[in-house]
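Colleague: below are the sequence and a predicted model for it; my questions follow.
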Amino acid sequence: MIETAKYYGQLLKFRLSFSVVFSAISGYLLGIDEFSTNQFLLLILGGFCVTGSANGFNQILERTHDKLMIRTANRPLPMGHLTINQAILFSSLLGLLGLSLLNFINPQGSYYGLLSKSCFFGLLSIMLYVLAYTPLKRISTTSVFVGAIPGAIPFLLGWVAATDDFELFGGTLFAIQFFWQFPHFIAIAWVLDKEYKKAGFKMLFGGEKGRYPAVLSILSSLITIIISMIPFFWNHNTLSLSIYAFVLIAILGTWFTLKSLRLYINVNDLNAKKLMIASIFYLPLLQIIYIADKLMR
């Protein structure tokens, strides 16, 4: 029983799902005027289930390709620890549960009386991740752009759960996480280039390690910095930045961009790994600065 539970945990990628939920929590804390324990728990549980469902369907569709990569060969489906039917049933039930929980968040603002805005964005993220991003990975690097959309939804989802509105401010949070993903994806694709090519995935821009993907990483890092500092120039009572947060974000963004610049100067795996690690830390640190700045005002 414990072993089986472990395999289901691997199917939903527990740690990845948790990191995605952290973005949703950040968006929620930035959007709220008054904290609601009920909404907060619905967001956490619903977001976790939706993310886990998308990860499960991703592994179902890529099970034969996962066998070809060292990093993924020990997943439950390639190893035969779970059957396809078990994985489909689990991922389906998890997705339905997650969407149902999200649908209880601000139901009065639902689309056509059916889906709350939170549920709509949860459903959109599953569909784009499973039906667009996953199959495109074997066709074109366009998948990185497409995958960045569901990847950026959690930050927005948290804001929508808090405000029941998309608006410019929620779109700004979406844009931050959207453009952050390009250096992140580029670094991962660089480090795992041989593995991805062996499995038939086209993930590295330009197809080869070189200055082209490094330039894209620099540009997207700079765009991320600019967008993340825009709230400083707004006079908005919910999403704004103090001069102290502005300076911290500028320093953090400069550090992040320098990692891409170093990859451009020295196109090697070591600098790609450093960029990958930096990208993992950058986003949660940025979100923590945003949240701390709001709480201290």
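Modeller: Thanks, I have it.

Colleague: you'd agree Leu16 is in a strand?
Modeller: No. Counting by DSSP: H, G, I helix; E, B strand; the rest coil, Leu16 is not found in a strand; it is helix.

Colleague: now do the helices in the stretch 151-297 of the chain.
Modeller: 167-191, 193-199, 211-229, 243-265, 269-296 (DSSP state H, counting those that start in this stretch).

Colleague: how about those in JSON lines, adding mean pLDDT, mean neighbour count and distance to Ser143?
Modeller: Yep, even glycine has a C-beta here, placed from its N, CA and C like the rest. Formatted as JSON lines, the helices of the stretch 151-297 of the chain follow (pLDDT from 0 to 100; neighbours: other C-beta atoms under 10 Å; distance: least, C-beta to C-beta, whole Å):
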{"stretch": "helix 167-191", "mean pLDDT": "94", "mean neighbour count": "22", "distance to Ser143": "9"}
{"stretch": "helix 193-199", "mean pLDDT": "91", "mean neighbour count": "17", "distance to Ser143": "11"}
{"stretch": "helix 211-229", "mean pLDDT": "96", "mean neighbour count": "21", "distance to Ser143": "14"}
{"stretch": "helix 243-265", "mean pLDDT": "97", "mean neighbour count": "18", "distance to Ser143": "20"}
{"stretch": "helix 269-296", "mean pLDDT": "95", "mean neighbour count": "18", "distance to Ser143": "18"}
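
Colleague: for those, which one sits closest to Leu30?
Modeller: helix 269-296 (5.8 Å; C-beta to C-beta).

Colleague: okay, angle between the closest one and helix 167-191 too, please.
Modeller: Relative orientation of helix 269-296 versus helix 167-191 (axes from the mean of the first three to the mean of the last three C-alpha atoms, to 10 degrees): 160 degrees.

Colleague: off-centre distance for helix 269-296?
Modeller: 13 Å (C-alpha atoms, centre = their mean, to the nearest Å).

Colleague: okay, and for the stretch 1-150 of the chain, where does confidence drop off?
Modeller: When residues are selected by pLDDT under 70, those of the stretch 1-150 of the chain lie in 1, 109-113.

Colleague: how about a cut-off of 80?
Modeller: 1-3, 108-113 (pLDDT under 80).

Colleague: can you pull out the strands in it?
Modeller: Taking DSSP state E, counting those that start in this stretch, the stretch 1-150 of the chain contains no strands at all.

Colleague: dead centre of the protein: give me the residue that sits there.
Modeller: Gly151 (3.3 Å; C-alpha atoms, centre = their mean).
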